[in-house]
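> below are the sequence and a predicted model; questions follow.
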Amino acid sequence: MNRARPWLLAGAVALLVLLADQLSKLAVEESITPGETRSFFPGVQLVYTHNRGVAFGLFPNAPALVIALIAAALVVLLVYFQRHITMPLIWLPTGLLIGGALGNIVDRVRQGSVTDFIKLPLGWPPFNLADSAITIGVIALFLVIEHARTHS
């Protein structure tokens, strides 16, 4: 197997996630005032908020810790990816996770917080496309690893 191909595929997925995330955040920033809520789909609202922490607003007053945690997670992911690069579809969750992390890092560097805008019912905190890519990427990574484990 060409070892460059998974890197290219992961990079392409990461770039697509990063672009979709940043363009969606820009659209929200230009069309919704902070704190305003708009109905989008039944049960889904758009709201323009900022999150200084990580998942669910954890560590909002520790930006250095947040960046360190994200960097450490990315290093672990990239080492795992390189060591298991021949695993079928490993490039997909890797690309989703890298793209999602980069999308939120760009926000942190640009404005000191992450723009969140998708609000689901039942008190779920607002999130963004980068967060969605990270969540789907984690699930996909577990599925890819489990599939490889049970079919080896």
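Arrived safely. Just so you know, these numbers come straight off a predicted model, no measurement behind them. Numbers count the residues shown, from 1 in each chain.
> list the buried residues of the lengthiest helix in the chain.
When the chain is scanned for its longest helix (criterion: DSSP state H), the result is helix 4-31. By 16 or more other C-beta atoms under 10 Å, the buried positions in helix 4-31 come out as 6-7, 9-10, 13-14, 17-18, 20-22, 24-25, 28. No exception for glycine: its C-beta is placed from N, CA and C like everyone else's.
> got the contact list for the spatially most central residue of the chain?
For the chain, G100 is the residue whose C-alpha lies nearest the centre (C-alpha atoms, centre = their mean; 2.4 Å). G100 is in contact with V17, D21, L129, A130, D131, S132, A133, I134, G137, counting by C-beta atoms under 8 Å, 6 or more residues apart in numbering.
> of those residues, which is the nearest to I90?
G137 (11.2 Å; C-beta to C-beta).
> quick one: contacts of the lengthiest strand in the chain?
Longest strand in the chain by number of residues, with DSSP state E as the criterion: strand 44-51. With contact meaning C-beta under 8 Å, 6+ apart, strand 44-51 is reached by 28-29, 32-40, 57, 60, 111, 113-120, 125-126.
> now swap in stretch 20-40 and tell me
Residues from elsewhere that reach stretch 20-40, judged by C-beta under 8 Å, 6+ apart: 45-50, 99-100, 103-104, 106-107, 115, 117-119, 128-130, 133.
> let's go with 7 Å and repeat that
Q45, L46, V47, Y48, G103, V106, D107, T115, F117, N128, L129, A130 (C-beta atoms under 7 Å, 6 or more residues apart in numbering).
> still on that earlier bit, show the buried residues in the contacts of strand 44-51.
V28, I32, S113, V114, T115, D116, F117, I118, K119, P126.
> okay, L141 and R5: tell me how far apart.
19 Å (C-beta to C-beta, to the nearest Å).
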